[in-house]
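Student: I would like the atomic coordinates for the input below:
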Amino acid sequence: MNTQTLNEKLELIQWLSTLEDASVIKKLIQFRKEETKDWWSLISEEAKESIEKGISEADNNELKSHSEARKLYGKWL
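Tutor: Take a look at the predicted model:
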């Protein structure tokens, strides 16, 4: 992060710390919520399916032991 950006962030923090207008605070909170990216919407459908499959297997007690997982995925660990 460059010095100018850091200074701008510090100015914003300073300004926010003195802000008393509730409507501006609410607008800023709404802006932050809209700008926050949900990682789920950024991953592929294949990744989503894999995660959902894992959750389903865990919910149904279909988990592998740690030693079995190490045998299966040991070369990538």
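Student: for this protein, which residue is closest to the average position?
Tutor: For the chain, the residue nearest the mean C-alpha position is Trp39 (5.4 Å; CA atoms, centre = their mean).
Student: that one and Ile55: what is the separation?
Tutor: Shown here: Trp39 relative to Ile55, a distance of 15 Å by CB to CB, to the nearest Å. Every C-beta, even on glycine, is put in place using the N, C-alpha and C of the backbone.
Student: also Thr18?
Tutor: As judged by CB to CB, Thr18 and Ile55 stand 45 Å apart.
Student: out of the two, which sits in the more crowded spot?
Tutor: It is Ile55, of Thr18 and Ile55, that has more neighbours when counted by other CB atoms under 10 Å, with 10 against 6.
Student: how many residues are close by Leu28?
Tutor: Here the neighbour count serves as a burial measure; for Leu28 (other CB under 10 Å) it reads 14.
Student: what does Gly54 give?
Tutor: Neighbours of Gly54 under the rule other CB under 10 Å: 12.
Student: so what's it scoring on pLDDT?
Tutor: The predicted local distance difference test score for Gly54 is 91.
Student: pLDDT score assigned to Trp15?
Tutor: Here, the pLDDT recorded for Trp15 equals 94.
Student: quickly note the distance from Phe31 to Ile25.
Tutor: In this structure, Phe31 lies at 11 Å from Ile25, with CB to CB as the measure.
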